[in-house]
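S.K.: Show me the folded form of this:
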Amino acid sequence: MFNNLQAMRGAGFVGFKTIKELRDTKLKEVPGGSGGEDMGVYLVLRLAPNPPVFMDQSIGGHFKKKDPTVSLAELKSNWVDGTLVIYIGKAGAPGK
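M.R.: Below is the predicted model:
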């Protein structure tokens, strides 16, 4: 599997951006973002070698009037040490 950026690049992944860069460009380079309606796959990576520090309360906002907060115990028990990919998503929709 992909355990470093070099392996990801070798598999054809391109366009690595920081969260700050994505915010600053308003997602214009992300398929399906404000830059267009192309479809694509994206990965959210965590490159820091140190363990994450989890928050007591989610700051992601509520969805359908539900609080997305997960307990610290659950977050810690589900974390995989040394993980690089923390989310895989798809962007854009056909016909839009």
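
S.K.: Quick one: the helices in this protein, in order.
M.R.: In the chain, the helices defined using DSSP state H lie at 5-10, 19-24, 72-78.

S.K.: Quick check: the gap between the closest residue to Leu5 other than its chain neighbours and Leu84.
M.R.: Once flanking residues are discounted, Leu5 sits nearest to Phe16: 6.9 Å by CB to CB, 6 or more residues apart in numbering. Using the backbone N, CA and C atoms, a C-beta is placed for each residue, glycine as well. Distance of Phe16 to Leu84, computed by CB to CB, to the nearest Å: 12 Å.

S.K.: more neighbours, the two?
M.R.: Counted by other CB atoms under 10 Å, Phe16 and Leu84 do not tie: Leu84 has more neighbours, with 16 against 12.

S.K.: Verify the stated contact: the more buried one with Pro49.
M.R.: No. Taking CB atoms under 8 Å as the definition, Leu84 is not a contact partner of Pro49, at 10.4 Å.

S.K.: and the closest residue in space to Leu75 that isn't next to it in sequence, what does it touch?
M.R.: Once flanking residues are discounted, Leu75 sits nearest to Phe54: 4.6 Å by CB to CB, 6+ apart. Phe54 makes contact with Leu72, Leu75, Lys76, according to CB atoms under 8 Å, 6 or more residues apart in numbering.

S.K.: One more pass at 10 Å, please.
M.R.: Neighbour list for Phe54: Val70, Ser71, Leu72, Ala73, Glu74, Leu75, Lys76, Trp79 [criterion: CB atoms under 10 Å, 6 or more residues apart in numbering].

S.K.: Kindly reformat those as a markdown table containing neighbour count, pLDDT and distance to Gly60.
M.R.: Converted to a markdown table, the contacts of Phe54 look like this (neighbours: other CB atoms under 10 Å; pLDDT from 0 to 100; distance: CB to CB, whole Å):
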| residue | neighbour count | pLDDT | distance to Gly60 |
| --- | --- | --- | --- |
| Val70 | 11 | 92 | 11 |
| Ser71 | 10 | 94 | 15 |
| Leu72 | 11 | 95 | 16 |
| Ala73 | 9 | 95 | 19 |
| Glu74 | 10 | 95 | 16 |
| Leu75 | 13 | 93 | 13 |
| Lys76 | 11 | 93 | 18 |
| Trp79 | 12 | 91 | 17 |
